[in-house]
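Colleague: have a look at this prediction, sequence included:
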Amino acid sequence: MTNNKITALYCRLSQDDMLAGESNSITNQKDILSKYARENGFTNTAFYADDGYSGTNFDRPDFQRMKADIEEGKIGMVIVKDLSRLGREYLQTGYYTEIYFPQHDVRFIAIHDNVDTSLGDNDFAPFKNIINEFYAKDTSRKIKAVFKAKGLSGKPLSTHPPYGYKKSEADKNVWEVDEEAAKVVRRIFQLCIDGYGPTQIAKILTADKILIPVAYGLEKGYYNGAPSFKSPTRWGGQTVAKILEQVEYVGHTANFKTYRKSYKCKKQLDRPKDEWMIFENTHEPIISQQDFDLVRKMRENVRRPQKCEEVNPFSGMVYCADCGKKMYLCRAVSLTDKQEHLKCSTYASDSNDCFAHFIRTCVLKELLINEINKVLDAVHSDEDTFIKEAVETSKTCYLESVAKSKKSLAKYEKRIAELDRLFAKIYEDNALGRLTDDRYHQLSASYEEEQKKLKKDTAEIRKFIDDKETENSNISQFLAIIRGYSNVTEITPEIMHEIIDSIVIHAPDKSSGHRKQMVDVNFRFNVIRVSAVLNRRDYDIRKRLRSA
C-alpha cells in the first residue's frame, strides 16, 4: 500500500453468531485481523465493528460509516475474518465484493475463505455466500420455532414489559406492577373515562412534567442505549393512544401481535387482532376489565379535539333516527348554554338527504338525568323485579336488532353471489365477442366496486351481530355499574359511557299542530330502552314521560 489509505478491519457479530461461542466474538475477530495485517505489512489500520447486528441486513452503523469513508476515498482495503462477517445475504454480499469494492478501487480480503480481489475472481465465493445465507435462513427457522413454542405456552414474547410493569427478579418471564408508572397508567385511563382524548391527555401529562415511557425506562435501567427523544417529558397523543389499547393492563398476555415477511426483512408488521393469541390472568392487572371495556367503547367514537376546553359528553353517542348517522355538537362563543344543540351530520352537509333533527343539549341532559334516576330508583327499590323486566327487554331489543341485521346480511350475501355470476357471464360474453372490451371493463369495474362495498358492509354487520350476542348476557355487569350510583345530578362522559349505549333522535312531528319529538335512550347491554316525547315550543320535558 503506497497511497497510505486506511486498511479497514471490519468485524460483525449477531445474536445468532454468539451461539457458536468465542470463535466469532468481536475480540477474537479483532485479534485475527490485527495479526493478519501485521504479518502482511498492512499499515494505517482502523477497526469498524458492528456488535449485535444481523448479517442479512446491511443497514449497520459501522458498515455505513465504512461505506462513507470508502466513497470519500479514505479506504484502500477492507479485510474481514470470512465472507459471513461481511454479510449473509448472498445477492448483497456479491454486489459489494464483485461490483462495489472494485468500482471504488478497494481491495477486499476474506481471510478464512481465501478471497482476495487483487488475485482475481474467486469462483467458490458465490457458493460460499449462498451457504452463508442458508445458515441464516436455517437459524431464523429455528429461532421462530423457539419463539412460537414460548408464545403458545403463554409466556410473553415482548423484550420489555409495557409501561407500568417490570420484569420479576425471580423469573424474567413474569411481570410485576411498577407502582410508580402504574399510577400514571391509571391516571391516563381515568382521564379518558372523564372524556379527554389522547392529545388532551398528552398535554396534561406534559404540563405535569411526567417522564415519557422511554425516558422512565432509561432512568430505571429497564432499557439500554442512548436517548432518542428531544424532551423526556413531552408526551405524544400516539403514545397515550397505544397505552389505552394495550390488553396487558387487565392482566392478560397478548402474543403474536407482529410479524415479519421473511428473515431478510427486518420491518415488523402489525398482525390483525383476531389472529392474536391472548392468555388471560397471567399477571396482576393495573386496570379493571370494566374500565378497560369502557375506554375501548369510548375510543370507538374517536373525534378530533375541540377548541373548547369543555368535554362533550355526547360525542359519538347520539344518532339520527332516519339516516343512522351521528349527530354533531354545535357550539360557539356566540351561543349560550341553552342554545347549544346537536344536529344531523347528513342534514348539515346536504339538507336534501335528511331532515333537521335539531335538539338542544340542555334538554337532552335533563331528559337523561330523569331517565337514569328512574332506573336507579327501580334497581335500589326492587332489584329482582328490575332484573326480570330487564331480561325481557334485553331479549326483545336483542331479537329486534339482530333479526334486522341478519336480514340485511342475507340480502347482501345474496347480492354478492349474484355479482359473482354476473362477472362470469360478462367474461364469457366478452370472450365470445358478444360484449366489447370497453363495455366489459366498464361493467367489470362497476360490479367490482359494488361487491367491494357489500363485502365491507357485510363484515361490519357480522361484527355488530357478534357484539350484540356478547352484550345480551351482561345484565349483571350493568347492575354492578348502577350500584355505584345513588343519584345523578349532571351528565358527564363517564356516566354516559358507563350507563348509556346510544341515543336516537327522531325528526319532529308537527302533524297535530304542536311540535313533538321522540327520543330513544338505549341503556348499555340492551338492559332497557326508553322512548320519551318532547313537546312545547321551548322543548321543556313533560313531567310525565311516556316510556316503553
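Modeller: Here it is on my side, so go on. Residues are numbered from 1 along each chain as shown.
Colleague: assign a three-state SS to Y96, would you?
Modeller: Using DSSP: H, G, I helix; E, B strand; the rest coil, the structure places Y96 in helix.
Colleague: S512 now?
Modeller: coil.
Colleague: reduced to three states, what does L157 come out as?
Modeller: Of the three states, L157 takes coil according to three-state DSSP.
Colleague: please report how far it lies from V146.
Modeller: For L157, the distance to V146 (C-beta to C-beta, to the nearest Å) stands at 11 Å. Just so you know, the C-beta spots here come from the backbone N, C-alpha and C atoms, and that holds for glycine as well.
Colleague: next one: L329
Modeller: Relative to V146, L329 is positioned 53 Å away (C-beta to C-beta).
Colleague: how about Y485?
Modeller: For Y485 relative to V146 (C-beta to C-beta), the value is 51 Å.
Colleague: who has more neighbours out of the two?
Modeller: Neighbours per residue (other C-beta atoms under 10 Å) separate Y485 from V146, with Y485 holding more: 16 against 9.
Colleague: what is the host helix or strand of A532 packed up against?
Modeller: Per DSSP states H and E, A532 falls inside strand 529-535. Counting by 3 or more C-beta pairs under 8 Å, 6 or more residues apart in numbering; DSSP states H and E, the packing neighbours recorded for strand 529-535 are helix 361-381, strand 516-523.
Colleague: would you mind finding the most buried of those?
Modeller: Mean neighbours per residue, mean count of other C-beta atoms under 10 Å, is largest over the helices and strands packed on strand 529-535 for strand 516-523, with a mean of 19.
Colleague: average model confidence for it?
Modeller: Averaging pLDDT along strand 516-523 gives 85.
Colleague: what of stretch 260-276?
Modeller: For stretch 260-276, the per-residue pLDDT averages 74.
Colleague: tell me the span between the first and last residue of it.
Modeller: Chord length of stretch 260-276, first to last residue, is 15 Å (C-alpha to C-alpha, to the nearest Å).
Colleague: quick check: the gap between I528 and N522.
Modeller: Counting by C-beta to C-beta - I528 and N522 are separated by 8 Å.
Colleague: so how far is Y440 from I26?
Modeller: Between I26 and Y440 the distance is 64 Å, computed by C-beta to C-beta.
Colleague: my bad, should have said V318
Modeller: For V318, the distance to Y440 - C-beta to C-beta - is 46 Å.
Colleague: settle it for me: which of the two has more neighbours?
Modeller: Using other C-beta under 10 Å, the more surrounded residue of V318 and Y440 is V318, with 25 against 16.
Colleague: tell me the contacts of that one?
Modeller: The contact partners of V318, taken as C-beta atoms under 8 Å, 6 or more residues apart in numbering, are K326, M327, L342, L364, S502, I503, V504, I505.
Colleague: tell me which of the residues you listed fall in helices.
Modeller: L364 (DSSP state H).
Colleague: need the contacts of V318 in CSV with pLDDT and distance to N255, can you?
Modeller: Shown next, in CSV, are the contacts of V318 (pLDDT from 0 to 100; distance: C-beta to C-beta, whole Å):
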residue, pLDDT, distance to N255
K326, 82, 36
M327, 84, 41
L342, 86, 43
L364, 88, 44
S502, 85, 34
I503, 88, 39
V504, 89, 40
I505, 88, 44
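Colleague: just the element for C11, please.
Modeller: Secondary structure assigned from DSSP H and E places C11 in strand 6-13.
Colleague: what does that strand rub up against?
Modeller: Residues from elsewhere that reach strand 6-13 (C-beta under 8 Å, 6+ apart): 1, 24-26, 29-30, 33-34, 37, 42-53, 55, 60, 62-63, 66, 69-70, 74-81, 85-86.
Colleague: restricted to strands, list those residues.
Modeller: Of the contacts of strand 6-13, the ones assigned to strands by DSSP state E are 45-51, 75-80.
Colleague: put the buried members of the residues you listed into a ChimeraX selection.
Modeller: To isolate the buried ones among the ones in strands among the contacts of strand 6-13 in ChimeraX, judged by 16 or more other C-beta atoms under 10 Å, type:
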select :48,49,50,75,76,77,78,79,80
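Colleague: list just the nearest of the ones in strands among the contacts of strand 6-13 to E180.
Modeller: Top of the list for closeness to E180, among the ones in strands among the contacts of strand 6-13 and by C-beta to C-beta, is D51 at 32.5 Å.
Colleague: my guess is that closest one contacts T27, does it?
Modeller: No. Using C-beta atoms under 8 Å, D51 makes no contact with T27, being 10.2 Å away.
Colleague: quick one, helices of the stretch 151-300 of the chain?
Modeller: Ranges of helices within the stretch 151-300 of the chain are 179-193, 198-207, 213-220, 237-245, 289-299, based on DSSP state H, counting those that start in this stretch.
Colleague: which one of the ones you listed lies nearest to D377?
Modeller: By C-beta to C-beta (comparing all of the helices of the stretch 151-300 of the chain), the closest turns out to be helix 289-299, at 22.8 Å.
Colleague: how much space between D105 and E72?
Modeller: 13 Å.
Colleague: with K406 instead?
Modeller: Computed as C-beta to C-beta, the K406 to E72 distance reads 70 Å.
Colleague: comparing the two, which residue is more hemmed in?
Modeller: K406 (13 against 8).
Colleague: assign that one to helix, strand or coil.
Modeller: Judged by three-state DSSP, the three-state class of K406 is helix.
Colleague: give me the neighbour count for the closest residue to it other than its chain neighbours.
Modeller: Closest residue to K406 apart from its sequence neighbours, by C-beta to C-beta, 6 or more residues apart in numbering: I465 at 6.7 Å. Residues near I465, counting by other C-beta under 10 Å, number 15.
Colleague: could I get the contacting residues of I465?
Modeller: V402, S405, K406, L409.
Colleague: if we can go back for a sec, out of the helices and strands packed on strand 529-535, which gets nearest to T258?
Modeller: Per C-beta to C-beta, nearest to T258 of the helices and strands packed on strand 529-535: strand 516-523, 37.1 Å.
Colleague: what's in contact with that closest one?
Modeller: By C-beta under 8 Å, 6+ apart, strand 516-523 touches 321, 359, 364, 367-368, 371, 375, 397, 478, 499-510, 529-535, 539.
Colleague: same check on stretch 218-229?
Modeller: Counting contacts by C-beta under 8 Å, 6+ apart, the residues outside stretch 218-229 that touch it are H160, K166, K167, D178, L211, I212, V214, A215, G217.
Colleague: got a quick ChimeraX command for the buried subset of the residues you listed?
Modeller: To isolate the buried ones among these in ChimeraX, judged by 16+ other C-beta under 10 Å, type:
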select :166,167,178,211,212,214,215,217
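Colleague: okay if I get the contacts of stretch 218-229 as JSON lines plus pLDDT?
Modeller: Below are those laid out as JSON lines (pLDDT from 0 to 100):
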{"residue": "H160", "pLDDT": "86"}
{"residue": "K166", "pLDDT": "92"}
{"residue": "K167", "pLDDT": "89"}
{"residue": "D178", "pLDDT": "92"}
{"residue": "L211", "pLDDT": "93"}
{"residue": "I212", "pLDDT": "92"}
{"residue": "V214", "pLDDT": "91"}
{"residue": "A215", "pLDDT": "90"}
{"residue": "G217", "pLDDT": "90"}
